[in-house]
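**Student:** here is the input, now give the coordinates:
(4 chains)
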Number of protein chains: 2
Amino acid sequence: MSGILQALREQQHHMNPKEQILAQFILEHAHEAVHLSITELAGRSGTSAATVSRFCRSLLFKGYGDFRMKLAAELVQPVPAKPSYQDIVAGNTLHSIAQAIETNHLRSISDTTRQLDLTEVQRAVDALHDARRIDLYGMATSGMVAYDCQQKLVRIGKMAQHWADSHMQITSATSLGEGDVAFAFSYSGETPETLDALLCAKERGATTISLTKFGANRISQLADIRLYASSLEEGMRRGDMASRIAQLHVVDILFTALLSLHFDDYVPLLEQSFQEVKKYRKEKGR
Amino acid sequence: MSGILQALREQQHHMNPKEQILAQFILEHAHEAVHLSITELAGRSGTSAATVSRFCRSLLFKGYGDFRMKLAAELVQPVPAKPSYQDIVAGNTLHSIAQAIETNHLRSISDTTRQLDLTEVQRAVDALHDARRIDLYGMATSGMVAYDCQQKLVRIGKMAQHWADSHMQITSATSLGEGDVAFAFSYSGETPETLDALLCAKERGATTISLTKFGANRISQLADIRLYASSLEEGMRRGDMASRIAQLHVVDILFTALLSLHFDDYVPLLEQSFQEVKKYRKEKGR
DNA sequence: AAAAATGGTGAAAATTATTTTCTTCCTCAT
DNA sequence: ATGAGGAAGAAAATAATTTTCACCATTTTT
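**Tutor:** Now for the predicted structure:
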């Protein structure tokens, strides 16, 4: 708790009645208050503009404008020590929600990077580079990650396919073979549809890669190359938000590593696909 | 270099003469500028108050007050301790790649949270809550974000649709009307397909929301409610990796806010959809 | 080359925000 | 009871901001 708010809290009880109300309102709605004009603030807090103005001056600010500016400056101060994962419940303020989600995401990314096994990353990169064909499996949220990965791979000329449909996943896995790669995305590591497809691919001789939460799970057990996205506190209700960010983070690292290690093979292709999209749009007359 | 100043620097050369002078002055005297009234700033920079006001609005701030506040908030944050965005080139070690990507992602999330306008978030949440039907537009990487958002909305019983196909986007937009919401995702803010769809939706009377990079761009100009994901250094080749994370971050905040503010409406639905998927799998004998 | 349209600009008007003054009302001590 | 003192809002005064409008310069059209 920093300067101004702290001061308000301490001095609150030595203030005039209306000023106490005002102080209370500001303490409870600080982030909202800085966006309000003096008249609006007066209205919202049940006081008058004159009172607010006096209030600010009695706190030795130059006026309402000065007060608001200083308060705003104080409120952007970053959270000091990064707290751990936070759950989200009813009735939180927007600010605390934004803060909590930020914390979760930052933590997810840090944790994921920290526990990433670069040897496994290297093996995954090699497998992807050498792959004839790449199949990507994932359902729901993890399906999105798989799709993201597919987009990236296609842009550098890889034969990569993602099937959102679980039947198609299996169908496609059936036609894999030696020299192909099957990449399974599943945060829980237990998603049956994904597991089935991966199993099928493995039986056909494809190299299997998994990206799951950290810890033992059936999908990573099955995989030749195992990547992990940081695991969240249990009990997190909407854990899939942070896990998705963490998974994408791993995909980004994988893809960037692939690019960097085989720069001359891929970057021209990437550049080219970018230019072609631009050209195509021009031709359509935009 | 963070949001506003960065945007000023990038856009400076596409501005009117007087605005360039003004931008230059602000870039050189940022810390002084936030303490000046609009008239003082106009005097010091050799322009007029009217020009300053227009300048702020053309940058899509709500006015000079809004601009000053946001700028002040930004300046409080000193030079970040964390290293700034990093580009990725050939021949890096895996470790430095992982490190660089982590840095980029962490920065993106922090910056995005910091510059989020919670009033706009609130408005977006209200619009989504009240919406009869929600259309989500986005191409390529931003299409993924749109899809992610759709998944979330559908899980809480909203009629939400995302079209990856640009023709379908327009077709769908045509049938929107009063009380519906159109939500456009585009990092550049200039994607023609997305712009067209949003324009069409707006003409039909739908409420429009945009999620773009920070700074003036055609899509956010068109939108009733404007959300921004932090803007990266220019020249970042694979900037869309970090931007995608930042956009998802905003989607998470939006969605969580929606849940938290209407807890009783939505959480049972969410819980239910989760249970149903589980049950469905059991029935299939897993 | 002239005319018309467009766009940038500042002066002034209109609007809005903030501060000060003035008045009322309340409390408390005499 | 009464008046001193102070709290608080109404209204007035001041200041700041935004919008309108007229002007000029530039570009485009005829």
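**Student:** from DNA strand D, how far off is the spatially most central residue of chain A?
**Tutor:** With distances taken as CA atoms, centre = their mean, residue A:245 lies nearest the centre of chain A, 3.5 Å away. Applying CB to the nearest atom of the strand, to the nearest Å, the value for residue A:245 to DNA strand D is 36 Å. Yep, even glycine has a C-beta here, placed from its N, CA and C like the rest.
**Student:** now residue A:216
**Tutor:** Taking CB to the nearest atom of the strand, one finds residue A:216 at 59 Å from DNA strand D.
**Student:** how close does the residue of the stretch 151-286 of chain A found nearest chain B sit to DNA strand C?
**Tutor:** Among all residues of the stretch 151-286 of chain A, residue A:263 sits closest to chain B, at 3.6 Å; criterion: CB to the nearest CB. Distance of residue A:263 to DNA strand C, given as CB to the nearest atom of the strand: 42 Å.
**Student:** that residue: neighbour count?
**Tutor:** Counted with other CB atoms under 10 Å in any protein chain shown, the neighbours of residue A:263 add up to 15.
**Student:** ok now stretch A:143-153, how far from the chain's centre?
**Tutor:** Centroid displacement of stretch A:143-153 relative to its chain, using CA atoms, centre = their mean, to the nearest Å, is 15 Å.
**Student:** returning to what we had before: OK, contacts around the residue nearest to the centre of chain A?
**Tutor:** Residue A:245 sits next to A:105, A:108-109, B:245, B:248-249, B:252 when contact means CB atoms under 8 Å, 6 or more residues apart in numbering or on different chains.
**Student:** please redo it, this time with the cut-off set to 7 Å
**Tutor:** Contacts for residue A:245 (CB atoms under 7 Å, 6 or more residues apart in numbering or on different chains) come out as A:105, A:108-109, B:245, B:248.
**Student:** against residue B:241, how distant is the residue of the stretch 151-286 of chain A closest to chain B?
**Tutor:** Using CB to CB, to the nearest Å, residue A:263 is found at 17 Å from residue B:241.
**Student:** next, see if the helix or strand where residue A:125 lies gets close to chain B.
**Tutor:** Per DSSP states H and E, residue A:125 falls inside helix A:118-130. Yes. Helix A:118-130 reaches chain B (CB under 7 Å from any CB of the partner chain) through A:118, A:121-122.
**Student:** by neighbours, which of the residues you listed wins?
**Tutor:** For those, the largest number of neighbours (other CB under 10 Å) sits with residue A:121, at 21 neighbours.
**Student:** burial of the residue of chain A found nearest DNA strand C, as a residue count?
**Tutor:** Using CB to the nearest atom of the strand, residue A:63 is the residue of chain A that sits closest to DNA strand C, at 1.8 Å. Counted with other CB under 10 Å, the neighbours of residue A:63 add up to 11.
**Student:** and the residue nearest to the centre of chain A, what helix or strand is that in?
**Tutor:** Using DSSP H and E, residue A:245 sits within helix A:239-261.
**Student:** chain center to stretch A:245-259: distance?
**Tutor:** Chain-centre distance of stretch A:245-259: 13 Å, with CA atoms, centre = their mean.
**Student:** pLDDT on it, on average?
**Tutor:** Mean per-residue pLDDT for stretch A:245-259: 93.
**Student:** kindly export it (C-alpha atoms) in PDB.
**Tutor:** What follows is stretch A:245-259, C-alpha atoms only, in PDB (Å, rounded to 0.1, in the frame of the first residue of the first chain):
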ATOM      1  CA  ILE A 245      -0.800 -19.300 -22.900                       C
ATOM      2  CA  ALA A 246       2.000 -21.600 -21.600                       C
ATOM      3  CA  GLN A 247       1.400 -24.100 -24.400                       C
ATOM      4  CA  LEU A 248       1.600 -21.300 -27.000                       C
ATOM      5  CA  HIS A 249       4.700 -20.100 -25.400                       C
ATOM      6  CA  VAL A 250       6.300 -23.500 -25.900                       C
ATOM      7  CA  VAL A 251       5.100 -23.600 -29.500                       C
ATOM      8  CA  ASP A 252       6.700 -20.200 -30.000                       C
ATOM      9  CA  ILE A 253      10.000 -21.400 -28.600                       C
ATOM     10  CA  LEU A 254       9.900 -24.500 -30.700                       C
ATOM     11  CA  PHE A 255       9.100 -22.700 -33.900                       C
ATOM     12  CA  THR A 256      11.700 -20.000 -33.300                       C
ATOM     13  CA  ALA A 257      14.300 -22.600 -32.600                       C
ATOM     14  CA  LEU A 258      13.400 -24.300 -35.800                       C
ATOM     15  CA  LEU A 259      13.800 -21.100 -37.700                       C
END
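**Student:** output the contacts of residue A:245 in CSV; the columns should cover distance to DNA strand C.
**Tutor:** Formatted as CSV, the contacts of residue A:245 follow (distance: CB to the nearest atom of the strand, whole Å):
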residue, distance to DNA strand C
A:105, 35
A:108, 40
A:109, 39
B:245, 35
B:248, 35
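**Student:** residue A:93: which of those is nearest?
**Tutor:** residue A:105 (18.5 Å; CB to CB).
**Student:** just the pLDDT for the closest one.
**Tutor:** pLDDT recorded at residue A:105 is 89.
**Student:** any idea of the pLDDT on residue A:13?
**Tutor:** pLDDT recorded at residue A:13 is 82.
**Student:** so what's it up against?
**Tutor:** Contacts for residue A:13 (CB under 7 Å, 6+ apart) come out as none.
**Student:** what separates it from residue A:20, distance-wise?
**Tutor:** As defined by CB to CB, residue A:13 lies at a distance of 7 Å from residue A:20.
**Student:** scan chain A for its longest strand.
**Tutor:** Counting residues, the longest strand found in chain A (DSSP state E) is strand A:207-213.
**Student:** against which helices or strands is that strand packed?
**Tutor:** Packing contacts for strand A:207-213, counted by 3 or more CB pairs under 7 Å, 6 or more residues apart in numbering or on different chains; DSSP states H and E, involve helix A:118-130, strand A:181-185, helix A:192-203, helix A:218-222, strand A:225-229, helix A:239-261.
**Student:** so what's the residue count around residue A:255?
**Tutor:** By other CB under 10 Å, 24 other residues sit near residue A:255.
**Student:** what lines up beside the following helix or strand past the helix holding residue A:125 in the sheet?
**Tutor:** Sequence order places strand A:134-137 as the next helix or strand after helix A:118-130, per DSSP H and E. Strands that pair with strand A:134-137, judged by DSSP bridges, come out as strand A:160-163 (parallel), strand A:181-185 (parallel).
**Student:** what does strand A:134-137 contact?
**Tutor:** Residues contacting strand A:134-137 (CB under 7 Å, 6+ apart): A:128, A:146, A:149-150, A:153, A:158-162, A:169, A:172-173, A:176, A:181-185, A:194, A:197-198, A:201.
**Student:** if any of these are buried, put those into a ChimeraX selection.
**Tutor:** Remark: buried members of the contacts of strand A:134-137, expressed as a ChimeraX selection using 16 or more other CB atoms under 10 Å in any protein chain shown:
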select /A:128,146,149,150,153,158,160,161,162,169,172,173,176,181,182,183,184,185,194,197,198,201
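**Student:** where in the stretch 51-200 of chain A is pLDDT low?
**Tutor:** Low-confidence segments of the stretch 51-200 of chain A (pLDDT under 70): A:77-91.
**Student:** quick check: the residue nearest to residue A:182 when sequence neighbours are not counted vs residue A:229, distance?
**Tutor:** Excluding its sequence neighbours, the residue lying closest to residue A:182 (CB to CB, 6 or more residues apart in numbering or on different chains) is residue A:201, at 3.4 Å. As judged by CB to CB, residue A:201 and residue A:229 stand 21 Å apart.
**Student:** quick one: distance of stretch A:101-114 to the chain centre.
**Tutor:** Mean-position distance between stretch A:101-114 and its chain equals 8 Å (CA atoms, centre = their mean).
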